[in-house]
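Q: The following block contains a protein sequence and its predicted model.
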Amino acid sequence: MSEGSSRAGRVVFLGPPGAGKGTQGNRLASFWGVPHVASGDLLRRILQNREGSALAAAIRVIDKGSLVPDETVGQVVFEALDLPGAQRGFVLDGYPRSVDQARDLERYLSERRRPLQVVIGLRIGEAALIARLSGRLTCPNCGASYHVMKDPPQTAGVCDQCGNVLAVREDDQPGPIRTRLMLYHQKTEPLLSFYRERGMLREVDAEGDEAKVFERVLASSGGLEKSLIY
Ligand code: AMP
């Protein structure tokens, strides 16, 4: 199967911060040729482009690692899912993050008769997570992410994809990392049972080499072409 394959679906990536949702979500989305809708990236873009607005003020809590209110993040994500490019399929990453958000998403998609097909739960130990998050460099322009030790950019401090200067995210500092992990356990982890009960959860071992993890992701999302909507 080649890149841009006609196989596609409506998929959510679940997992703690640092599990690789962004990296794997991006790979699956480009493999299928559908949008990678990453709630964190969308929110950070609003902070950059609409500084001073009421919307940006509601989003500012992300610097501390806290969660943005459900209504705000829902509005931003659903706007992205309404775009024509997302009608063939999409890869959602970072949303939903709580059972309430999962119900909002279920309602939104069922009104459009495009129910979610698969939820990929990335499994990874806490030690590996902290190591990944604490060396992470992110491109504020295109969202690409690197690791100072394990996956450095070709030129130090510069994004391979777009040439922008890389930065350490405000919420990749030790305090916000602890808050994000705590919120994950408290709010997001219950979603594993929520989707398991609906028969939609496929768990994937997210430790180790990125390409190997992607093979597992592809294997776990196989078969979706049977229910494609064009
Ligand atoms: P991420 O890039 O997915 O790690 O998200 C970065 C930050 O954006 C999170 O720590 C939250 O502050 C905020 N955020 C992203 N997605 C959501 C969501 N679904 N609900 C609430 N806040 C979110």
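A: Received the coordinates, thanks.

Q: count of neighbours near Glu207?
A: Glu207: 15 surrounding residues under other C-beta atoms under 10 Å. For glycine as for every other residue, the C-beta is placed from the backbone atoms N, C-alpha and C.

Q: now Arg107
A: Arg107 sits with 10 neighbouring residues when counted by other C-beta under 10 Å.

Q: any idea of the pLDDT on it?
A: pLDDT, Arg107: 97.

Q: Just say helix, strand or coil for it.
A: helix (DSSP: H, G, I helix; E, B strand; the rest coil).

Q: Over to Ser193?
A: Here Ser193 is recorded as helix under three-state DSSP.

Q: per-residue confidence at it?
A: 97.

Q: Spit out the contact partners of the residue lying closest to Arg60 once chain neighbours are set aside.
A: Closest residue to Arg60 apart from its sequence neighbours, by C-beta to C-beta, 6 or more residues apart in numbering: Leu47 at 7.0 Å. Contacts for Leu47 (C-beta atoms under 8 Å, 6 or more residues apart in numbering) come out as 56, 59-60, 62.

Q: Report the secondary structure element holding Leu47.
A: helix 39-49 (DSSP states H and E).

Q: The following helix or strand past that helix near the ligand at all?
A: Tracing the chain past helix 39-49, the next element assigned as helix or strand by DSSP H and E is helix 54-59. No: applying C-beta under 6 Å from any ligand atom, one finds helix 54-59 separated from the ligand by no less than 7.6 Å.

Q: and helix 54-59, what's its mean pLDDT?
A: When pLDDT is averaged over helix 54-59, the result is 91.

Q: just the CA coordinates of that helix, formatted as PDB?
A: Provided in PDB are the C-alpha atoms of helix 54-59 (Å, rounded to 0.1, in the frame of the first residue of the first chain):
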ATOM      1  CA  ALA A  54     -11.400  36.800  24.000                       C
ATOM      2  CA  LEU A  55     -10.900  33.400  22.400                       C
ATOM      3  CA  ALA A  56      -7.100  33.600  23.000                       C
ATOM      4  CA  ALA A  57      -7.700  34.600  26.600                       C
ATOM      5  CA  ALA A  58      -9.800  31.400  27.200                       C
ATOM      6  CA  ILE A  59      -7.000  29.300  25.600                       C
END
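
Q: Flag every buried residue along it.
A: In terms of neighbour count (16 or more other C-beta atoms under 10 Å), helix 54-59 has its buried residues at Ile59.

Q: Are the helix holding Leu47 and the ligand in contact anywhere?
A: Yes: applying C-beta under 6 Å from any ligand atom, one finds helix 39-49 touching the ligand at 39-40, 43.

Q: for stretch 120-128, same thing?
A: No: applying C-beta under 6 Å from any ligand atom, one finds stretch 120-128 separated from the ligand by no less than 12.3 Å.

Q: do the same with stretch 96-112
A: Yes: judged by C-beta under 6 Å from any ligand atom, stretch 96-112 comes into contact with the ligand at 96-97, 101.

Q: Weed out the non-buried ones from the residues you listed.
A: Buried, going by 16+ other C-beta under 10 Å: 96-97, 101, out of the residues of stretch 96-112 next to the ligand.
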